[in-house]
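S.K.: here is a sequence together with a model predicted from it:
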Amino acid sequence: MSMTFEKLKEIREETLNRMNLRGFPSDKPNAPYRWSVAICMETSCMSSKSPQIKQRLLDLIVRDGKENEIEVVGTGCFGLCEAGPIVIVRPGDTFYYRLDVEDIDRIYESHLLGGEPVRDLIYPESITDDGYLSYFEIPFMAHQERVALRSSGHIDPEDIREYIALGGYEALYKALVEMTPDDVIDVITESGLRGRGGGGFITGRKWRATQASPGDEKFIICNADEGEPGAFMDRSILEGDPHSVIEAMTIAGYAIGSDQGYVYVRAEYPIAVERLEKAIGQANDLGLLGANIFGTGFSFNLEIRLGAGAFVCGETTALAASIEGRRGMPRSRPPYSADKGLWGKPTMINNVETFANVPYIILNGAEAFKKVGTENSPGTKVLALSGKIKNVGLVEIPMGTTLRQLVEEIGGGIPNGKAFKAVQTGGPSGGCIGPELLDTPIDFDRLAEIGSMMGPGGMIVLDEDVCAVDVARFYMDFIVDESCGKCTPCREGTKRMLEILIDITEGRGDETSIPRLERLARTTELASLCGLGQTAANPILSTLKSFRDEYEAHIKEKRCPAGVCKALTNNLTKDD
Amino acid sequence: MVSHINSEERQKEIAAFERDLERIKDGRGMLMLALHLAQNRFGYVPSDVQRIIADTLKVPLSTVYGVVTFYSRFTLIPRGRCDLSICTGTTCYIQGAEELLKEAEETLGIKDGETSPDGNFSLSTTRCVGACSLAPVVTVNGEVHGRMTVQEMKKLLADLKKQYLSQPESNEDK
């Protein structure tokens, strides 16, 4: 079918009417539901049986014929995955946590039929003297600001109409009908949006370069190969709000002059792939993808390509090789992807979260986007907070929030009375940030200044029981596995560094170990072909900076202060 | 997954696979997709299947082999009927994934990357399934089991052994 603005508005009005309980400004008097129950259908909650909870609730509703009073919505991520499976009852945004399947019976009887919330199933931190805080008022949500995740938790990601109800595809209409490709790129550039995949490159500049590159065939790629361990931001966006990415890619296609896009997504994310497939199908059915979108003559086609478990494919030239059906090995640049990318054609590659910000910017303008964040890193950043931290989950914070606010306030601190040791950012390419640097604001430049990097957004908190040398060894082991083997500095350098680290953790380190590590680190950094090798030594260099004494204890005293390195456990640690 | 079937059934699977290939062979860059189809259907990418892919997509066999061996998801040995995978991403690692791997290796008598001779079990490690809030996690034929302890791992392994060793071999999951 072909889509018009009137038709889009019609879908929006129609759908909003039945979404009145979900906190959006449409309190139409003909509001049909008394209760709206949102159940998180994201990988983490789903493996804690949220689909069974949803089914059981639906069964109860059908049994009693309450279909017109209670709506049940499977949504994307709320954020506090630690408390999953998460069920939110609206109005009130009452937050039920870690439910067993049978618990939903009590919520149904007492809360939905009787109007009385079930106190012992409610998240403890949301209970106050005079009632219950809404999910969005709990301490975990303090400091958070949702832009990329704006619809996650509110809409059913498998229903395009709910995306449209919240203004979805209006940015696409605005871009196609009211703006020229240059206007679109200007707004993205003015917004200061930087690549959320970790590099922090100015997005608008990338779009401009690809637009300016001559060629009658160009490609848009969404990099959803979230290979960094401890990262699940992109997966959550794809699972919770796939249309935001589809809409943004179509806008990008219009801006640079491309009619073909690919989403390159990890095969390890089956739910994300399934939702994306469904979403692409629905967008095609409504004429929001495909030929002659909004009758403007602009066409855009979108396909999914699956990765197959190779970390290096996050690198843009390796990613393009993989889509072409080759070994995912990077090549030297230039030429850059903007000139010669996929199949040798101009190609623009952005990451999932970068795209998710685009419709918001087009619709609300560059100034609105710049209202949050720092001068050089405007906007927000989605982070995956995990490890030895109380509130594990997905958070979205304004750039410039400090690591301390993230760990202590949003994260709720370290469990079991343990001491904070470091937060690991940027995965195998990033570094460990020790307690002395906790007041560093989270933005691209400040994290780079202290020798770490923003990276895609995995933030893994380490406590005193984790050995810094062992963590460096862990990451080097990962890199050795994932190095593609094309260039010598990375292939050999990382192996030698791993050997030295193993020696240190097994008690064979000597006074040459650290100087040799540092020299190899510099060589690998300088001489490697791609980002994987160039940043491979960061975990070593950053732990050496903050925890040099630990390395020395392993080498000189043959002692592992954290008591992790088994070969050294016969030697007493401080605490013993 | 059909890694353990008799030759007649296998011929049928091969024929079905060839039909899948026919559908995609004219697309651009279809080798990865072809290999995913093969891995999903056969549980691995055997050499005769690689040859079929090479012939149909008109790419050299060496290229097919090169791509198969580059990506960890494609394997040259059959995955077991019960495919156990231990996540060794950072978060799972610091929450004790190594202990879980050790337990699985000892109980099943196979190492990371191996399949048991009877074809019942295969064991692998994976780098992050993105369920870090449930760390450490283990997947059984893709299903995530979270917040595992060594104790729970023992129980899970015992259950799986009971389930898979008592089943006749032809009883496939799919």
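M.R.: Noted; the coordinates are in hand.
S.K.: C-alpha from now on. contacts and neighbour counts both.
M.R.: Will do.
S.K.: what is the burial count for residue 126?
M.R.: Unless you meant another one, I'm taking chain A. By the other Cα atoms under 10 Å in any protein chain shown criterion, the neighbourhood of residue A:126 contains 18 residues.
S.K.: chain B was what I was after
M.R.: Taking other Cα under 10 Å as the criterion, the count of residues near residue B:126 is 17.
S.K.: cool, and residue A:460?
M.R.: Using other Cα under 10 Å, residue A:460 has 29 neighbouring residues.
S.K.: wait, it sits on residue A:385?
M.R.: Yes. Assessed by Cα atoms under 8 Å, residue A:460 is found in contact with residue A:385 at 6.0 Å.
S.K.: show me what contacts whichever residue of chain B sits closest to chain A?
M.R.: With Cα to the nearest Cα as the measure, the residue in chain B that lies nearest chain A is residue B:29; the distance is 4.3 Å. The contact partners of residue B:29, by Cα atoms under 8 Å, 6 or more residues apart in numbering or on different chains, come to A:323-325.
S.K.: buried subset of those residues?
M.R.: When those are checked for burial by 16 or more other Cα atoms under 10 Å in any protein chain shown, the buried set is A:323-325.
S.K.: make TSV out of those and add secondary structure, pLDDT and distance to residue A:144.
M.R.: TSV is the format used below for those (DSSP: H, G, I helix; E, B strand; the rest coil; pLDDT from 0 to 100; distance: Cα to Cα, whole Å):
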residue	secondary structure	pLDDT	distance to residue A:144
A:323	helix	97	36
A:324	coil	97	39
A:325	coil	96	40
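S.K.: what about chain B: which of these touch it?
M.R.: Among those, proximity to chain B is found for A:323-325 (Cα under 8 Å from any Cα of the partner chain).
S.K.: so how far is whichever helix or strand residue B:163 is part of from its chain's centroid?
M.R.: Element membership for residue B:163 (DSSP states H and E) is helix B:150-165. For helix B:150-165, the gap between its own C-alpha mean and the chain's C-alpha mean amounts to 19 Å (Cα atoms, centre = their mean, to the nearest Å).
S.K.: do the same with stretch A:242-252
M.R.: Mean-position distance between stretch A:242-252 and its chain equals 16 Å (Cα atoms, centre = their mean).
S.K.: which residues touch it?
M.R.: For stretch A:242-252, the surrounding residues in contact (Cα under 8 Å, 6+ apart) are A:157, A:160, A:163, A:168-169, A:171-172, A:175-176, A:207, A:220-222, A:238, A:258, A:261, A:275-276, A:279-280, A:289, A:300, A:352, A:355-356, A:358-359.
S.K.: okay, residue 134: pLDDT?
M.R.: Let's take chain A. Per-residue confidence (pLDDT) for residue A:134: 92.
S.K.: ah, no, chain B please
M.R.: What the model reports for residue B:134 is a pLDDT of 92.
S.K.: need the three-state assignment for residue A:350.
M.R.: The local conformation at residue A:350, judged by DSSP: H, G, I helix; E, B strand; the rest coil, is strand.
S.K.: and stretch A:261-278, what's buried?
M.R.: Neighbour counts using 16+ other Cα under 10 Å place A:261-273, A:275-278 of stretch A:261-278 among the buried residues.
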